[in-house]
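Asker: I need the structure of the sequence given here:
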Amino acid sequence: MTTSELTSKNYKRIFYLNTVLSIPLFIIFAWPYVEFSHFLDIKTIIYYPGAILFAFPFMLTLLHGYVTLALGSVHRHHYYEWLQDHPLTYGLLFHPVFTRTRFRLVVFAVSVIMFIVGALI
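Answerer: Below is the predicted model of the structure:
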């Protein structure tokens, strides 16, 4: 292949695919949390934010994996730098902390804590 993957056109394609994939992934990962919350009669005010926090790290992990597959682990930082260079368009909802495993684990832990607290109330 004579062309590089590190082009603005390829970054836009990755962005559009990530955008299209984010909603179905979010729904797929949020519904088990909601179903278990209904089963345990957890209040709505607790389980909706908990479901959002539960689905968010899984969705981010899969989208981060897609970027890694598309560009390679050595070059994915170029895509994230490109997102930061376009803060009012493509990088609007992007923050560098989203790529950190520690952040995703903390968000997951908060959702589990919310689930446990909601079950105990």
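
Asker: rounded mean pLDDT for the longest helix along the chain, please.
Answerer: Using DSSP state H, we find that the single longest helix of the chain is helix 8-39. Averaging pLDDT along helix 8-39 gives 94.

Asker: can you give me the buried ones in that helix?
Answerer: In terms of neighbour count (16 or more other Cβ atoms under 10 Å), helix 8-39 has its buried residues at 10-11, 14-15, 18, 22, 25-26, 29-30, 33-34, 36-37. C-beta coordinates here come from the backbone N, C-alpha and C atoms, glycine included.

Asker: how about TSV for these, with distance to Leu92 added?
Answerer: Formatted as TSV, these follow (distance: Cβ to Cβ, whole Å):
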residue	distance to Leu92
Asn10	19
Tyr11	14
Ile14	15
Phe15	10
Asn18	13
Ser22	13
Leu25	19
Phe26	17
Phe29	22
Ala30	22
Tyr33	26
Val34	27
Phe36	32
Ser37	30
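
Asker: between those residues, which is nearest Gly50?
Answerer: Of all the buried residues of helix 8-39, Gly50 sits closest to Tyr33, with 6.1 Å by Cβ to Cβ.

Asker: wait, the closest one touches Ser111, no?
Answerer: Yes: at 7.1 Å, Tyr33 and Ser111 qualify as touching, with contact defined as Cβ atoms under 8 Å.
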